[in-house]
Structures are given as structure tokens and as C-alpha cells.
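Student: For reference, the sequence and a predicted model appear below.
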Amino acid sequence: MSKLRVAVLGAKGRIGSEAVKAIEAAEDMELVAALGRGDKLETLVESGAQVAVELTTPASVMGNLDFCVRHNIHAVVGTTGWTDERLAQLKGWLELSPQTGVLIAPNFSIGAVLTMKFAQIAAPLFESVEVVELHHPNKADAPSGTATRTAQLIAEARRAAGSPPAPDATVTALDGARGADVDGVPVHAVRLRGLLAHQEVLLGGEGETLTIRHDSLHHSSFMPGILLGVRRVTSTPGLTFGLEHFLDLN
Ligand SMILES: NC(=O)c1ccc[n+]([C@@H]2O[C@H](COP(=O)([O-])OP(=O)(O)OC[C@H]3O[C@@H](n4cnc5c(N)ncnc54)[C@H](O)[C@@H]3O)[C@@H](O)[C@H]2O)c1
Ligand SMILES: O=C(O)C1=N[C@H](C(=O)O)CCC1
């Protein structure tokens with residue numbers, strides 16, 4: 001059986017360097033390119049890459065995906081910074097290249113995907129819900145892509161259930177004291193030396209609270225999800241948002 005030809009963009013970064021090792025170790029994959037900032041995207045074509053794993057920065061990701069989609073190279077994307085506008089632009093590119101598949105995964109770790117799923121189930125059943133994300137201090141964006149997606153899923157679940165807004169009597173507050181408002185859900189971002197990637201979903205009801213917590217302790221936590229994405233994206237044309245679509249969670 002021929003091996004899947006895979007490239008990594010952002011290959012010298014924290015998660016990219018781990019992805020390089022994981023792809024090299026995967027028996028059904030061949031690492032054909034490992035690109036860093038300033039390297040030519042044409043290398044992807046020259047190396048015959050079938051899938052590009054995109055782990056760069058919000059400033060670089062759109063240019064890289066534009067190139068990949070135009071050259072029918074499937075993409076597995078972990079880079080953050082997704083807005084409705086960016087997603088619409090990407091969908092437009094994919095319409096012109098209907099065989100290409102792109103997976104965007106706000107988080108590749110199974111525990112984080114399950115946290116989002118559990119939060120969706122729990123959110124309409126409690127009066128209050130807030131999200132706290134905690135990351136290493138080298139992280140460029142806040143709140144994290146995972147926390148943003150978690151808050152959006154919570155908001156969708158509460159809207160679908162007709163939940164009222166969470167109680168909050170705050171009248172005066174310092175800027176930021178109540179976190180960022182993501183679709184009506186407060187999201188608090190902590191940056192702390194020693195941490196990697198962590199999230200708590202705090203839920204509160206009459207006389208009880210529930211905390212759903214996930215901890216990524218090493219970048220290896222993201223690798224099974226990346227490898228799964230690479231294996232599945234070649235047979236999944238169009239845009240897939242969220243690794244949960246490649247997992248049997250129902
Ligand atoms: N989805 C997930 O599970 C997951 C997990 C960890 C990190 N991330 C995200 O992945 C991204 C990278 O995180 P990181 O901690 O590795 O950051 P990092 O800064 O360590 O790495 C990014 C790398 O990309 C390189 N780069 C920038 N522009 C490039 C370009 N045009 N072509 C090739 N390389 C380029 C940089 O030089 C750097 O080496 C962030 O958006 C982060 O939030 C996602
Ligand atoms: O370390 C990071 O940066 C991470 N980014 C993703 C996010 O913003 O959610 C996933 C977790 C780690």
C-alpha cells in the first residue's frame with residue numbers, strides 16, 4: 001500500500017515540530033516537506049504532498065490555504081484565528097476546487113473534543129456557564145480557539161433549548177474583569193509559565209456546580225487527532241470544522 005505523502009507548515013514551531021515527529025513515525029505516512037517561515041510553498045507541489053498540516057499563525061494560515069486549495073492539496077489545520085469572514089472566504093475557494101478537503105480543528109486532543117461535547121450537553125441544564133482557558137505565556141492569541149469554539153457551542157445549545165441569559169447583577173466592572181463576551185458566554189484567559197493548554201467549563205445551578213476540566217500536558221496530546229485528520233481528510237471533500245466529525249461520538 002502506498003504511503004500518504006504529508007507536508008507540515010510551521011514545522012519548527014511548538015506543535016509543528018511534534019507533528020513532524022509523529023508523521024515520520026506513522027507507518028502509513030511519508031513526510032515529504034517540512035516548511036518554516038519564508039520557505040517556498042511551491043515545495044508542496046514539487047514534493048508531491050497530498051496533505052498539508054497547517055500549524056503556523058493566524059497571519060499566515062489564509063495564504064497557505066489559498067495555495068493548498070488551488071493546487072488540490074488537502075489540509076489539516078490547527079492554526080487559530082477563525083472568523084465567519086475567513087470561513088466564508090475558504091468555502092469560496094473550496095467551491096472552485098470541489099475535490100479538496102480541509103479539516104479545521106480548534107483542538108486535536110480527544111479530551112478537549114469531549115469537553116466541548118459534554119459542555120454542549122450540560123449548558124442548557126444549568127443557569128450559569130462560564131469558560132476559563134489557561135495556556136502557556138508564549139501563546140499569541142486570546143481567548144484560545146478552543147475556548148471560542150466551546151463558548152459558541154454552549155451558546156448554540158442554550159439558544160436551541162430556549163435558555164434565559166445567565167444571571168449576573170454586575171453594574172460596575174473594570175475592563176476585562178468579566179472576561180470576553182463570546183456569543184453571550186464569558187470567557188476568561190489565563191497565561192501562566194508552566195502551563196500548556198487547559199480549559200474549564202464552569203456550570204452553576206441552584207445549590208450545585210459542575211466543572212468540566214481538560215488538561216493537555218504535552219503536545220503529544222494533539223498527535224493522534226492530527227494523524228486521524230490526515231487519514232480522513234483525503235476522502236472528505238469540502239470544509240469540515242471540528243475533529244468531532246471524524247470521531248464516532250454519538
Ligand atoms: N488545534 C490544536 O489542537 C492546536 C494545538 C496547539 C497549537 N495550536 C495552534 O497552532 C498554531 C501554532 O502554535 P505554536 O504554539 O506551535 O506556535 P509557534 O509560534 O511555536 O509556531 C508557529 C510556527 O509557524 C511558523 N510560520 C509562521 N508563518 C509561516 C509560514 N507562512 N509558513 C511556514 N511556517 C510559518 C513560525 O515561524 C513558527 O515556527 C497556533 O495558532 C496555536 O494556537 C493548535
Ligand atoms: O498552545 C496553543 O496555542 C494552543 N492553541 C489551540 C487553541 O487556541 O485552542 C489549542 C490548544 C493549544
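Tutor: Nice, I can see it. Ligands and ions are numbered 1, 2, ... in the order given.
Student: Residue in this structure with the shortest distance to ligand 1?
Tutor: Sorted by distance to ligand 1 under Cβ to the nearest ligand atom, the residues of the chain start with Gly13, at 2.1 Å. Every residue, glycine included, has its C-beta placed from N, CA and C.
Student: Do I have it right that that residue meets Thr56?
Tutor: Yes: under the criterion of Cβ atoms under 8 Å, Gly13 makes contact with Thr56 at 7.1 Å.
Student: Which one of these two is surrounded by more residues?
Tutor: For Gly13 versus Thr56, the count of surrounding residues by other Cβ atoms under 10 Å is larger for Thr56: 22 against 19.
Student: May I have the secondary structure class of the more buried one?
Tutor: Put simply, Thr56 is coil when judged by DSSP: H, G, I helix; E, B strand; the rest coil.
Student: quick one: contacts for the nearest residue to it once chain neighbours are set aside?
Tutor: Among residues not flanking Thr56 along the chain, Gly10 sits closest, at 3.8 Å (Cβ to Cβ, 6 or more residues apart in numbering). Contacts were defined as Cβ atoms under 8 Å, 6 or more residues apart in numbering; by that measure Gly10 touches Gly16, Leu35, Gly36, Glu54, Leu55, Thr56, Thr57, Ser60, Thr79.
Student: ok, 10 Å please
Tutor: Neighbouring residues of Gly10 by Cβ atoms under 10 Å, 6 or more residues apart in numbering: 16-17, 19-20, 34-37, 53-57, 60-61, 64, 78-79.
Student: so which of those residues are also by ligand 2?
Tutor: Near ligand 2, taking Cβ under 6 Å from any ligand atom as the test, no member of the contacts of Gly10 is found.
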